[in-house]
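Enquirer: just need the structure, nothing else, for what follows:
(chains A, B, C and D)
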There are 2 protein chains.
Amino acid sequence: MTRKQERTGLNLDEVSKAIIEQLQQDGRRSYAAIGKVVGLSEAAVRQRVQRLVDSGVMQVVAVTDPLELGFARQAMVGVRCTGQLEPVADALAELEEIDYVVITAGSYDLLAEVVCESDEALLDLISHRIRNIPGVVATETFMYLKLRKQTYSWGVR
Amino acid sequence: MTRKQERTGLNLDEVSKAIIEQLQQDGRRSYAAIGKVVGLSEAAVRQRVQRLVDSGVMQVVAVTDPLELGFARQAMVGVRCTGQLEPVADALAELEEIDYVVITAGSYDLLAEVVCESDEALLDLISHRIRNIPGVVATETFMYLKLRKQTYSWGVR
DNA sequence: AGTGAAACGACCGTAGA
DNA sequence: TCTACGGTCGTTTCACT
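Expert: Predicted structure coming up:
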């Protein structure tokens, strides 16, 4: 029941939401410490986290700041295509400088976020590798000037 | 020295990269287990992780799947403005349905990613709350049809 | 799904190089 | 910035509900 709810995204209970919230604040917080906050034993918290991860609702991962790692150029690239969109999305997804690919409805067929070391690397990526993908007919690039908000707290708020 | 390198994003050493890689695979992996892989003691790994987090290079957090949590509508919204961009970015950042705000150079001044439960919630957000922000003159919405790639592995690849 | 208890392993502070 | 070490706390397993 709760399994089903978690798998289908409906009505995750308050305790699991509270657990997710704790791990959004600090992914290494101990199960025991979380248990004290949410009112559950350590083992119960661990089992719930396990279920949340196994069912694909949540994962605990390291996220890094591209700027701090020397990736000074970021941009969103809007892509217009002919024909099927999935093969183009797949080709974009294979490029290591692209961390995000989504098929959209709107004046672009796909959006891809790119992370590069330099303008030259960005130019090479967009001009040669992206625009040479079969089916791509046009791209438009939105250079990032300043990232203002980035939160991973979906569904808890 | 290495501190400075980490803070400025230049030449994070191979060991720290390996530690980040381990934590990208599993943010809860123990320091001791990471130490075995990267060839360092538990305490050394702990100290390096601490430094990476303190310096803002990395954080370990829970990330959730909006679809699994019942947020069925996602979109990227391109925003055109008059005047200063920062106040508009700030206003967008305050909206809880918006998880990502970036100031860009291109045919939009800002891009914002929105996560909503339903079409009605999305309409209310865009039509009333976003478009009523002072300085916003136009928006364009790209509804997400399918998320194809999302990676947090910047800088390790 | 949850608790409690005991053995084990991880974490943390500190000292020393 | 690393290792070594001891005390404390967290995790794991299991029996039980």
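Enquirer: ok, stretch A:40-49 near DNA strand D or not?
Expert: Yes - residues of stretch A:40-49 are located near DNA strand D by CB under 7 Å from any atom of the strand, namely A:42-43, A:46. C-betas here are computed from N, CA, C, even on glycine.
Enquirer: and that stretch, average pLDDT?
Expert: For stretch A:40-49, the mean pLDDT works out to 95.
Enquirer: restricting to C-alpha, output that stretch in PDB.
Expert: Only the C-alpha atoms of stretch A:40-49 are listed here, as PDB (Å, rounded to 0.1, in the frame of the first residue of the first chain):
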ATOM      1  CA  LEU A  40      11.100   6.500  14.500                       C
ATOM      2  CA  SER A  41      13.800   4.000  15.400                       C
ATOM      3  CA  GLU A  42      17.000   4.000  13.500                       C
ATOM      4  CA  ALA A  43      16.200   0.700  11.800                       C
ATOM      5  CA  ALA A  44      12.800   2.000  10.600                       C
ATOM      6  CA  VAL A  45      14.400   5.100   9.100                       C
ATOM      7  CA  ARG A  46      17.000   2.900   7.300                       C
ATOM      8  CA  GLN A  47      14.300   0.700   5.900                       C
ATOM      9  CA  ARG A  48      12.300   3.600   4.600                       C
ATOM     10  CA  VAL A  49      15.300   5.200   3.000                       C
END
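Enquirer: any chance of TSV for the residues of stretch A:40-49 next to DNA strand D, columns distance to DNA strand C, secondary structure and neighbour count?
Expert: TSV is the format used below for the residues of stretch A:40-49 next to DNA strand D (distance: CB to the nearest atom of the strand, whole Å; DSSP: H, G, I helix; E, B strand; the rest coil; neighbours: other CB atoms under 10 Å in any protein chain shown):
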residue	distance to DNA strand C	secondary structure	neighbour count
A:E42	7	helix	14
A:A43	4	helix	11
A:R46	9	helix	16
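Enquirer: quick one: the strands in chain A?
Expert: Using DSSP state E, the strands of chain A run over A:58-64, A:73-81, A:98-105, A:110-116, A:136-150.
Enquirer: I'd like the residues of stretch A:40-49 next to DNA strand D as TSV, with distance to B:M143 appended.
Expert: Output for the residues of stretch A:40-49 next to DNA strand D, formatted as TSV (distance: CB to CB, whole Å):
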residue	distance to B:M143
A:E42	42
A:A43	42
A:R46	38
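Enquirer: closest to chain B among those residues?
Expert: When those are compared for distance to chain B (CB to the nearest CB), A:R46 wins out at 10.2 Å.
Enquirer: got a list of what the closest one touches?
Expert: A:Y31 (CB atoms under 8 Å, 6 or more residues apart in numbering or on different chains).
Enquirer: can you list the residues of chain A near DNA strand D?
Expert: Counting by CB under 7 Å from any atom of the strand, chain A sits next to DNA strand D at A:30-33, A:42-43, A:46.
Enquirer: pull the most distant pair out of the residues you listed.
Expert: A:A33 and A:A43 (13.9 Å; CB to CB).
Enquirer: about what we covered before: now, among the residues of stretch A:40-49 next to DNA strand D, which is nearest to B:R148?
Expert: A:R46 (32.4 Å).
Enquirer: adding distance to DNA strand C and mean neighbour count, write the strands of chain A out as TSV.
Expert: As requested, these are arranged in TSV below (distance: least, CB to the nearest atom of the strand, whole Å; neighbours: other CB atoms under 10 Å in any protein chain shown):
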stretch	distance to DNA strand C	mean neighbour count
strand A:58-64	12	22
strand A:73-81	32	22
strand A:98-105	27	21
strand A:110-116	29	24
strand A:136-150	26	16
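Enquirer: would you mind naming the residues that bridge with the nearest residue to A:Q25 once chain neighbours are set aside?
Expert: In space, and not counting its chain neighbours, A:Q25 is closest to B:V61: 7.8 Å by CB to CB, 6 or more residues apart in numbering or on different chains. B:V61 has the following beta-bridge partners by DSSP bridges: A:V61.
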